[in-house]
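Participant: From the sequence below, what's the structure:
(one chain, ligands or ions: 2)
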Amino acid sequence: MDRKDLKPTILNGEFDKLAPGLSRRTFFMAAGAAGVGGAASLLSTTAAQAQSTDWTQPGNNNNVIEMQATTGNAVAGAVKIEYYGHCAFKITSPGGATVLFDPWRDDPSGAWGLWFKNPFPETQTDICMSTHTHFDHDAIDRPVSTMVLDRMVGNYEFADLRITGFADKHACQAPGWYNWTNALAEFGVNACPPDNVSHMDMVTYLVETGGIRILIWGDNRHNPPEEFWASIGAVDILTLPVDGSMHILSYDMGNDIVARLKPKIIIPTHYLNETVSYTLTTLQDADEWVKSQSSYRMLDSASLTLEAGEVAGMSNEFMYFGHNAHTA
Ligand SMILES: [Fe+2]
Ligand SMILES: [Fe+2]
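Facilitator: Numbers count the residues shown, from 1 in each chain. Ligands and ions are numbered 1, 2, ... in the order given. Just a heads-up that it's a prediction; the model follows:
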């Protein structure tokens with residue numbers, strides 16, 4: 001076969017043929033509930049669904065080529081944090097390098113319903129990273145990114161960014177009224193370690209830039225082993241998934257993590273944000289948790305700019321993006 005004969009394959013999406021004995025609906029339900037967003041990968045073992053379209057991205061890597069020569073050189077100045085709703089943040093280093101965490105999407109199986117009002121923005125970033133394979137964290141194809149570091153464990157350095165990924169486990173027992181973790185048992189997989197299904201694996205990221213240490217908690221469990229805490233060390237800015245429904249962490253779990261890490265700033269995540277997410281998420285806002293804290297700021301935009309000097313003077317300051325979120 002000659003290269004010119006390679007043509008795109010069009011699939012007709014007849015998934016019933018892929019799973020004898022299951023109707024299309026029951027297949028999706030089983031795949032979705034067992035996989036929590038893993039249905040697309042389940043399907044991909046038998047049909048080429050959801051292939052990456054990154055080769056169609058606009059732009060090129062000129063920006064990255066320019067900055068790679070500066071790797072390892074610390075740069076003083078402001079660190080920018082932009083919130084895209086749910087657990088998605090873009091961090092811009094003082095040197096201008098950008099990294100985006102946990103772009104979200106709807107569950108491709110449909111089993112978990114409609115969570116988001118729009119597809120994740122095709123925003124430009126040097127690096128795109130994901131903490132785990134759940135649909136509300138893994139739309140790594142949507143941002144226009146030069147690099148994708150999916151579930152990276154270990155150390156990574158680029159320009160004036162140093163990122164460390166710590167492997168741990170997802171919260172596996174819903175602390176709130178919505179027992180979403182029970183669905184995994186109903187479909188025959190273990191949510192909790194040591195025999196957890198792979199999508200309940202997690203990577204938590206520590207980002208060091210501009211003299212500030214930012215911990216991206218993801219959906220990690222509240223009680224990781226001692227080695228986890230020892231590896232992380234001091235944290236200046238901590239993101240935590242706490243909402244009024246206590247979908248991932250309860251108020252007490254969040255408060256205990258804050259008490260242990262003693263961050264300067266806490267940023268709530270994984271809550272109902274009316275700009276990006278639907279009530280169908282079953283999530284609620286984080287207002288009650290934030291307002292129960294001794295010191296908090298209700299931010300009036302989706303952007304936050306901080307310098308190491310001002311962060312050093314803070315203590316347990318909650319900074320809440322509320323319903324603000326970038327949409328482009
Ligand atoms: Fe998750
Ligand atoms: Fe999540």
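Participant: and Pro268, what does it touch?
Facilitator: 239-243, 286, 289-290, 318, 320-321 (CB atoms under 8 Å, 6 or more residues apart in numbering). For the C-beta atoms, the positions are set from N, CA and C on the backbone; glycine is no exception.
Participant: List the beta-bridge partners for it.
Facilitator: Leu240 (DSSP bridges).
Participant: From ligand 2, how far off is it?
Facilitator: From Pro268 across to ligand 2, the span is 13 Å (CB to the ion, to the nearest Å).
Participant: list the contacts for the residue in the stretch 201-328 of the chain positioned nearest to ligand 1?
Facilitator: Closest residue of the stretch 201-328 of the chain to ligand 1, CB to the ion: Asp219 (3.6 Å). Listed by CB under 8 Å, 6+ apart, the contact set of Asp219 reads 87, 131-132, 134, 137, 170-171, 202, 241, 248, 270.
Participant: Now stretch 189-198: buried residues?
Facilitator: Of the residues in stretch 189-198, 189, 191-192, 196-197 count as buried by neighbour count, 16 or more other CB atoms under 10 Å.
Participant: How about stretch 215-232?
Facilitator: Buried residues in stretch 215-232 (16+ other CB under 10 Å): 215-222, 224, 228, 232.
Participant: what does stretch 248-265 give?
Facilitator: Here stretch 248-265 shows 248-251, 253-255, 257-258, 261, 263-265 as buried, counting by 16+ other CB under 10 Å.
Participant: re earlier: tell me which of the contacts of Pro268 fall in strands.
Facilitator: 239-241, 318, 320 (DSSP state E).
Participant: Could you pick out the buried ones from the contacts of Asp219?
Facilitator: By neighbour count, with 16+ other CB under 10 Å, the contacts of Asp219 hold 87, 131-132, 134, 137, 170-171, 202, 241, 248, 270 as buried.
Participant: Where do the strands of the stretch 51-200 of the chain begin and end?
Facilitator: Using DSSP state E, counting those that start in this stretch, the strands of the stretch 51-200 of the chain run over residues 79-83, 89-92, 98-101, 124-130, 144-150, 154-158, 161-169.
Participant: ok, residues contacting the last one?
Facilitator: When you say that, I think you mean strand 161-169. 91, 93, 97, 99, 127, 129, 149, 151-157, 192-193, 196, 200-209, 220-221, 224-225, 228, 231-232.
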